[in-house]
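In: Build me a model:
(2 chains)
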2 protein chains.
Amino acid sequence: MCKERSLAVVGATGLVGRTILKILEERDFPVKNIRLFASDKSAGKELLFRKKTVTVEKLCDGCFENCDIAIFSAGASVSAAWAEKAEKAGAYVIDNSSAWRRRDDCALVVPEINAAAIRGKRRIIANPNCGTVQVVLPIFAIEREYGLKRASFVTFQAVSGSGKRGLDDLLATRNGEKPSFYPVDISKTCLPKIGGFSTDGYTEEELKMIYETRKILSLPSLPVSATCVRVPVKNCHAVAASVVPEKPFTLSGIRNALKRQSGIKLLDDVGRDVFPTSAAADGKDEVFVGRIRRDLACDNGLLFYCVADNLRKGAALNAVQIAETLIW
Amino acid sequence: MCKERSLAVVGATGLVGRTILKILEERDFPVKNIRLFASDKSAGKELLFRKKTVTVEKLCDGCFENCDIAIFSAGASVSAAWAEKAEKAGAYVIDNSSAWRRRDDCALVVPEINAAAIRGKRRIIANPNCGTVQVVLPIFAIEREYGLKRASFVTFQAVSGSGKRGLDDLLATRNGEKPSFYPVDISKTCLPKIGGFSTDGYTEEELKMIYETRKILSLPSLPVSATCVRVPVKNCHAVAASVVPEKPFTLSGIRNALKRQSGIKLLDDVGRDVFPTSAAADGKDEVFVGRIRRDLACDNGLLFYCVADNLRKGAALNAVQIAETLIW
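Out: Predicted coordinates:
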């Protein structure tokens, strides 16, 4: 049996933080003790972990002493300020923000794909963006067997990806209140902007998907594009993907490649009306893949559509899976 | 001045039918008289047209006598059964269903693009699918100046595209009721299925977009693909489009081509957070185009995102615009 570890969860009261606690419980993660951290506003709150009450603390100097693994999910500025302190105190940091993903000395990990990328890198390990995790897993399964010339993504991203403020704004605007978080009434429209715009017209979220897909697959010059759109759905992101494998393929060959990939479940039987939806993915660990068909717009092109619980595989689950690679 | 015409609207009580009446009023269409038809269930209802009450009738033999233009929006089976009778009675038929779109002897018309296609064809003129109309207009503007190698679409389609039953189902499921129209709780998920599935894995809606884009542009072998997704938005469809022009382009050249196109309004200034949303398009006539940028996944590729009121330019407005081409 593996040794029990001392854990810290930073951002424990957020949607992802709470999901991390739930998943640590579900998966019987070997926890010796756990400390929960959050913003000044949430410090003092009490959360249940394994039926015991844990009081949420403020981050402070020395708070990562004797910590083995710190999972951060409190936004990029908190991670930028505190992850290195945890690392210096001897902890592994698994960071759910964008703060460390682009660092060459930090691994960006989806354990089913590149758990080994951690070797020789810093103890700060980046957890990818929620949209990236779910689409890079089927892309990896296809690329491994057929190679990959290029990939394009169009996302349908749930408001839970913005955290509690996103969820609250959807519910409030549905009830006729004015938006207080999104720049539009998200109950009435799709919003083709997630994060700020860059000078080339792409949003931060789109550039994350492009950069992170390349880094996780170790294909730094892979041509990738993305259009990221917020939709008025509470939970579970969807991605419509278009890829061009290098080798000729059959659809049954693609389905078999996806079936062999740990972390993926096919929902792909249109004759029986089987395809991925949020209802199928909500609260589940797998990336659900379906609508697999040839891309009629280009030679050897392939289309698919995938849905995953963005709070789980898109964030908390993937972070805990990274932690699991560290405990053996 | 043009002569006043006798009109019939079939399916007058539906969402599109009512929008047709509103648009005929707004545009001062020269109406001599108007007869409104609907299903047995709706016959006897009264609708206002130009402040006068018009009683809705059932379709019956001879009901198109002396009718100049009949606009059908009552579904494909009604159009299949009745459009030819109206044509034989001497009327022009503008059909909003899919019944006549694939007929070589019937024109499929977006007036800004191919009004002339009516010449030499039958008097039954097909109105394209709501998703097609809005994306084919910017595609046409680009193709005319730069040529076109291929086009791919991913749609975000509002529930009003399913008519009143779609709208009612969204509102009911938001209130916790069980779905009665869509196969899933549409308030909680995107639904990657619009229409039945074909053997190649595409849905009817997707095949409509592919076929209709080619027919309207008179490019029968243009490589096109589509992924059509219903989203929990009341009104206004969005389309994320990816195209590859034949000639090299600059983004300012593309913007100018789109600006010159009647029926299009650019909302494309990301530096000032200007991009298309349902709020911008709802109740408006134009196709709103934005998020114009290079497709980083392929050479000479272009991405854009457009939104239009699917009840107006996607259906009723385009039908009335076709009628306008017939009255001069």
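
In: How about the residues of the stretch 1-150 of chain A by chain B?
Out: residue A:150 (Cβ under 8 Å from any Cβ of the partner chain). Placement of C-beta: from N, CA and C, glycine included.

In: Can you show me the helices along the stretch 1-150 of chain A?
Out: When assigned using DSSP state H, counting those that start in this stretch, the helices of the stretch 1-150 of chain A occupy the ranges A:15-26, A:76-88, A:111-114, A:130-146.

In: Just send those helices back as a markdown table, with mean neighbour count and mean pLDDT too.
Out: Below are these laid out as a markdown table (neighbours: other Cβ atoms under 10 Å in any protein chain shown; pLDDT from 0 to 100):
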| stretch | mean neighbour count | mean pLDDT |
| --- | --- | --- |
| helix A:15-26 | 21 | 98 |
| helix A:76-88 | 18 | 97 |
| helix A:111-114 | 20 | 98 |
| helix A:130-146 | 25 | 97 |
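
In: With distance to residue B:69 as added columns, please give those in a markdown table.
Out: Formatted as a markdown table, the helices of the stretch 1-150 of chain A follow (distance: least, Cβ to Cβ, whole Å):
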| stretch | distance to residue B:69 |
| --- | --- |
| helix A:15-26 | 55 |
| helix A:76-88 | 60 |
| helix A:111-114 | 60 |
| helix A:130-146 | 48 |
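
In: Out of these, the one nearest residue A:324 is which?
Out: Judged by Cβ to Cβ, the one of these that comes nearest to residue A:324 is helix A:111-114, at 7.3 Å.

In: is it true that residue A:271 touches residue B:198?
Out: No. Under the criterion of Cβ atoms under 8 Å, residue A:271 is not in contact with residue B:198, lying 10.5 Å apart.

In: Specify which residue of the two has the higher count of neighbours.
Out: Of the pair residue A:271 and residue B:198, residue B:198 is the one with more neighbours under other Cβ atoms under 10 Å in any protein chain shown, namely 13 against 8.

In: hang on, the earlier thing: of all the helices of the stretch 1-150 of chain A, which lies closest to residue B:157?
Out: Using Cβ to Cβ as the criterion, the shortest distance between residue B:157 and the helices of the stretch 1-150 of chain A is 20.7 Å, found for helix A:130-146.

In: Mind listing the strands the helix or strand following that closest one pairs with, and their directions?
Out: As assigned by DSSP states H and E, the chain's next helix or strand after helix A:130-146 is strand A:150-157. In its sheet, strand A:150-157 lies beside strand A:224-230 (parallel), strand A:237-244 (antiparallel), with partners assigned from DSSP bridges.

In: And the average pLDDT for strand A:150-157 is what?
Out: Mean per-residue pLDDT for strand A:150-157: 98.

In: Okay, angle between that strand and helix A:130-146 too, please.
Out: Using axes from the mean of the first three to the mean of the last three Cα atoms, to 10 degrees, the inter-axis angle of strand A:150-157 relative to helix A:130-146 is 150 degrees.

In: mind listing what the residue in the stretch 1-150 of chain A that chain B sits nearest to touches?
Out: Ranked by Cβ to the nearest Cβ, the top residue of the stretch 1-150 of chain A for proximity to chain B is residue A:150, at 4.5 Å. For residue A:150, the set of contacting residues under the criterion of Cβ atoms under 8 Å, 6 or more residues apart in numbering or on different chains consists of A:222, A:223, A:224, A:243, A:244, B:297, B:298.

In: Now render the residues you listed as JSON lines, adding neighbour count.
Out: Converted to JSON lines, the contacts of residue A:150 look like this (neighbours: other Cβ atoms under 10 Å in any protein chain shown):
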{"residue": "A:222", "neighbour count": "17"}
{"residue": "A:223", "neighbour count": "19"}
{"residue": "A:224", "neighbour count": "24"}
{"residue": "A:243", "neighbour count": "25"}
{"residue": "A:244", "neighbour count": "20"}
{"residue": "B:297", "neighbour count": "22"}
{"residue": "B:298", "neighbour count": "19"}
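
In: okay, who's weakest in the residues you listed by pLDDT?
Out: When those are compared, the smallest pLDDT is that of residue B:298, 94.

In: Quick check on it: phi, psi?
Out: Backbone geometry at residue B:298, expressed as degrees, to the nearest 10, gives phi -150, psi 150.

In: ok, it - contacts?
Out: Applying Cβ under 8 Å, 6+ apart, the residues near residue B:298 are A:150, A:152, A:223, A:225, B:244.

In: What is the nearest of those residues to residue A:119?
Out: Of all the contacts of residue B:298, the one sitting nearest residue A:119 is residue A:223; the distance, using Cβ to Cβ, is 28.1 Å.

In: That closest one and residue B:297 touch, don't they?
Out: Yes. In terms of Cβ under 8 Å, residue A:223 counts as a neighbour of residue B:297; the distance is 4.5 Å.

In: shared neighbours, the two?
Out: Taking Cβ under 8 Å, 6+ apart as the contact definition, residue A:223 and residue B:297 share the neighbouring residues A:150, A:151.
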